[in-house]
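S.K.: Sequence and predicted structure are below.
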Amino acid sequence: MLKIGSHVSLSSPHYLVGSVNEALSYNANSFMVYSGAPQNTRRVSTSLFRLDEAKELMKEANIPQENVILHAPYIINLANTVKESTYELAVNFLVQEIQRAQEMDIKVMVLHPGSHVGAGVQLGTQQIIKGLNEVMSQVDMKDTIIALETMAGKGTEIGRSFEELKAIYDGVIQKENIGYCLDTCHIHDAGYDVSDFDAVLDQFDLLLGLSNLKVVHVNDSKNLLGAGKDRHANIGYGEIGFDNLIKIIYHPRLAHLPKILETPYIDKKAPYKLEINSIIKREFEDKLIERIQADE
Ligand code: FE
Ligand code: FE
Ligand code: ZN
């Protein structure tokens, strides 16, 4: 069965119960959460997250635990060699984030590898490796996977090619705890032509191993192939297009993986219910914006 969902919020007072209910309101059977606001590192104890109730709800709704993904906040930057405190914050935060993932019974935590902020890809990559090894030496990883996300290459982002991700992997000691997250908008913006997706997957498999791919972020892109921009578009409303995204979503080699939408809100309203519906029907929703504005 297709595993489809979106990122959902996790916040006071309902916490994970609210997340599950939000996912269900989109008819999703999968979802991704941040452990708090994605743009800051303020976090509350997972004992407040109403985990048992959320689990009960998921059971009733037939959402298996493995369909839930955690995303580390995007402001932490392991690649920073310029400001020592940024790197240290990232290491400390990630140790706690992995503990939170384990407390929440989530196996896959998505991580943006980091930005070298001018120091160059090589130095940045070394710092990411050092950071990941430090994190993994400070916390018992168990079967938790840090899924490095394919990045668009905006600014000084590292991870804009499979080669760059491979270089990180090569330096990590505990390789069994490293996986990947493939973001369709990001790889398109980084220059991978997803209209020939089999070729992209072959390349991914050759360099990173398809079995290490743990989750797919499904987003259309507002920019042209190779733009290096990272601006997500609604499904079928961007340069990748509906048919290409459907081929990826239903690709037999990715059938076992959760597909997570991170497409933009329209008039402050989530588009996910309509997008998921159009994905399930495999029919382009050409009135997405009008229908959301009309609040259907
Ligand atoms: Fe991400
Ligand atoms: Fe993403
Ligand atoms: Zn993005």
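M.R.: Arrived safely, thanks for sending. Ligands and ions are numbered 1, 2, ... in the order given.
S.K.: Now the closest residue to Asn27 other than its chain neighbours: which helix or strand?
M.R.: Leaving aside its sequence neighbours, Asn27 sits nearest to Ile276 (Cβ to Cβ, 6 or more residues apart in numbering; 5.5 Å). (C-beta placed from N, C-alpha, C; glycine too.) Applying DSSP states H and E as the criterion places Ile276 in helix 272-281.
S.K.: Asn67 versus Leu2, what's the distance?
M.R.: 11 Å (Cβ to Cβ, to the nearest Å).
S.K.: for Phe197, same thing?
M.R.: 22 Å.
S.K.: now Lys222
M.R.: 28 Å.
S.K.: For the longest helix anywhere in the chain, buried residues please.
M.R.: Determined from DSSP state H, the single longest helix within the chain is helix 84-103. Buried residues in helix 84-103, counting neighbours by 16 or more other Cβ atoms under 10 Å, are found at 86-87, 89-91, 93-95, 97-98, 100-102.
S.K.: Let me see the ranges of the strands in the stretch 1-150 of the chain.
M.R.: 4-7, 30-34, 68-71, 108-111, 114-115, 145-149 (DSSP state E, counting those that start in this stretch).
S.K.: Look at Asn219 and say how many residues are nearby.
M.R.: 26 (other Cβ atoms under 10 Å).
S.K.: State whether it and Ile187 are indeed in contact, as I suppose.
M.R.: No: in this structure, Asn219 is not within contact of Ile187 by Cβ atoms under 8 Å, at 10.3 Å.
S.K.: Of all the residues in stretch 254-261, which ones are buried?
M.R.: Here stretch 254-261 shows 254, 257-261 as buried, counting by 16+ other Cβ under 10 Å.
S.K.: if we can go back for a sec, I'd like the strands of the stretch 1-150 of the chain written out as CSV, with mean pLDDT added.
M.R.: Listed next are those as CSV, based on pLDDT from 0 to 100:
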stretch, mean pLDDT
strand 4-7, 98
strand 30-34, 98
strand 68-71, 98
strand 108-111, 98
strand 114-115, 98
strand 145-149, 98
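S.K.: okay, these in CSV with mean neighbour count next?
M.R.: Output for the strands of the stretch 1-150 of the chain, formatted as CSV (neighbours: other Cβ atoms under 10 Å):
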stretch, mean neighbour count
strand 4-7, 24
strand 30-34, 25
strand 68-71, 24
strand 108-111, 25
strand 114-115, 24
strand 145-149, 24
